[in-house]
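> return atomic coordinates for the entry below.
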Amino acid sequence: MFKRVLIATAVSAMFAAPAFADVTISGSAEMDLMYKTNQSGTDGKGKVAEEIAVVINVDGTDKLDTGDTLKWRLAQKVATPSRYDSFGAREAWIGYETKFGEVRFGNQFSNQYLEMDGFANNGSGNLWADFGSQQVQYANGVSYFSPKFSGFSFAGQYDLGNGRNSARAMELTANYTGYGFNVAAGAAEAKNGKSASSDAGTFGSNGKGWGNSGDFLVGTNAENKLRTYNIDAKYKTGAFDLAAGYKRNEWNGTVNLAVAGQKTTVDQFLVAAGYTMGKNNFNLGYQRVQDSKTDGNKVDNGMNVINAQYNYTLSKNTVAFAQVRHHMLDTAGKASVMKADTQLDGFAIGSDKKNATRLMVGTWTAF
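Numbering: from 1, shown residues only. As a prediction, this is how the structure comes out:
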C-alpha cells in the first residue's frame, strides 16, 4: 500500500511539473594572428599580436497563452582584453514578439551599428563601423522591430538614459531585401554635454567602457550633438557579390581635436566585390575617408584604405582566412579626426609615417 502511494505521488508530480521555456546556447570562436606596421610605443616598428575572441549567447523563448512570444538574451565576449568582461555587458535584454512586430527592453546593440559592422566585413570594419559618430550600444534602450512588408522592414531605438532625466539618443533604420538586393539605411542622433569622440565605443559611456551607453544628458559644458547617416547596398548575382556604401558623420561640439561649439563633418565611401568558387571565397574592397571639415574649413587629413581577404571553408561551421589591410594617409601623421592610435590598428598617429599595414591569418567557428 505504501509503495503504491509513492508511485501515485510521483506520477502526479510529473504531470504537474511546470513547462520550461526553450533555452539555447550559441556563439562563435575566433583566432587572429597578425602583424602590424608602424606601431605606437615601439619606435614605429612592426609588431606581432594575437586576439582570441569567444562570444557566448544564451537565448530563451517562451510561447505565451496569447500566441505571442517572450524572448530574452544574455551575451558575453570573453578572452578579448577590455571588452565585455562581465556577463550581460555585451547584451542583456527582454523582448516581446507579436504579429505587429517586436519590442525589446534593456542593453542592446545599435541596429545601425550592427548593419554597418555586417556590411563592412572582410577587413574594412575598423573605419566603417568602429570609427564615426554612431553609437555602438544602448544600455538602457527600447527598440521596436516591424514585421516585413514585401521585403521591407524598419526599426527604431531610443535610450532612456539614467531614468531621472530625458534621454538624448535615438535612431531609425530601414532595410529592403529582394531581387538580389539588400539595401539598408539609417539615421541617428545623440547628445552629451560631457564628451564626444570619433571612437564609436567611447561616446556616451562617460568613461565606463564597453557595454555602457551613458546618460546622454546635456551638461554644463558646450552641448555635444552627434548625427550619423548611412546607406549601404549589396547585390548578389551568381558567384559574385557587389557592395557600395555611403556614410556621413557629424559632430557639433568638442570631438577630439575640434573646437567646442563648432561643427565637424567627415564623409566616407566604400565599394567592395567578392567571388565564390566552391569552398574558396575572394574579396576586395576600397574605402575613402574624406578630409574633415570644421565649420566649412577643410583639413588635409583624409585617407584611402584597401583590403583583401581570402576565405576557405573547412567545415559547415569553420572558416580559415588570410587578410591584408593597408591605410594610406593623405598627410603623414594626420588621420581625419582620429585621436586614438587603436583606430588604425595601433598606427602611431602624429608620426612622420603615411602608411600602415596589417596582415592577419586566423579561423572563425560558429557554434
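> where exactly do the helices run in the stretch 1-150 of the chain?
Using DSSP state H, counting those that start in this stretch, the helices of the stretch 1-150 of the chain run over 2-16, 111-119, 125-128.
> mean pLDDT for the ones you listed: which is lowest?
Here these differ in mean pLDDT, and the lowest is helix 2-16 at a mean of 44.
> test my guess that E91 contacts F109.
Yes - if you go by CB atoms under 8 Å, E91 and F109 touch, sitting 6.7 Å apart. Quick note: C-beta positions are derived from backbone N, CA and C, even for glycine.
> these two: who's more crowded?
Each of E91 and F109 has its neighbours counted (other CB atoms under 10 Å); E91 has more, 23 against 20.
> any stretches of the protein with poor pLDDT?
1-20, 42, 79-86, 162-167, 192-223, 254-261 (pLDDT under 70).
> give me the helices and strands touching the top strand by length along it, please.
Using DSSP state E, we find that the single longest strand of the chain is strand 47-63. In this structure, strand 47-63 makes packing contacts with strand 22-36, strand 69-78, judged by 3 or more CB pairs under 8 Å, 6 or more residues apart in numbering; DSSP states H and E.
> just the angle between it and strand 22-36, please?
170 degrees (axes from the mean of the first three to the mean of the last three CA atoms, to 10 degrees).
> neighbouring strands - and their directions - for strand 47-63?
Next to strand 47-63 in the sheet, as set by DSSP bridges, lie strand 22-36 (antiparallel), strand 69-78 (antiparallel).
> redo these as JSON lines? Include distance to R168.
What follows is the strands paired with strand 47-63, written out as JSON lines (distance: least, CB to CB, whole Å):
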{"stretch": "strand 22-36", "distance to R168": "33"}
{"stretch": "strand 69-78", "distance to R168": "26"}
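> ok, which of those strands comes nearest W364?
For W364, the closest of those is strand 22-36, at 4.8 Å, according to CB to CB.
> how far away is T313 from K234?
20 Å (CB to CB, to the nearest Å).
> neighbour count: the two, which is higher?
Using other CB under 10 Å as the criterion, T313 and K234 rank with K234 on top: 19 against 14.
> quick one: the helices in the stretch 201-350 of the chain?
According to DSSP H, counting those that start in this stretch, the stretch 201-350 of the chain contains no helices.
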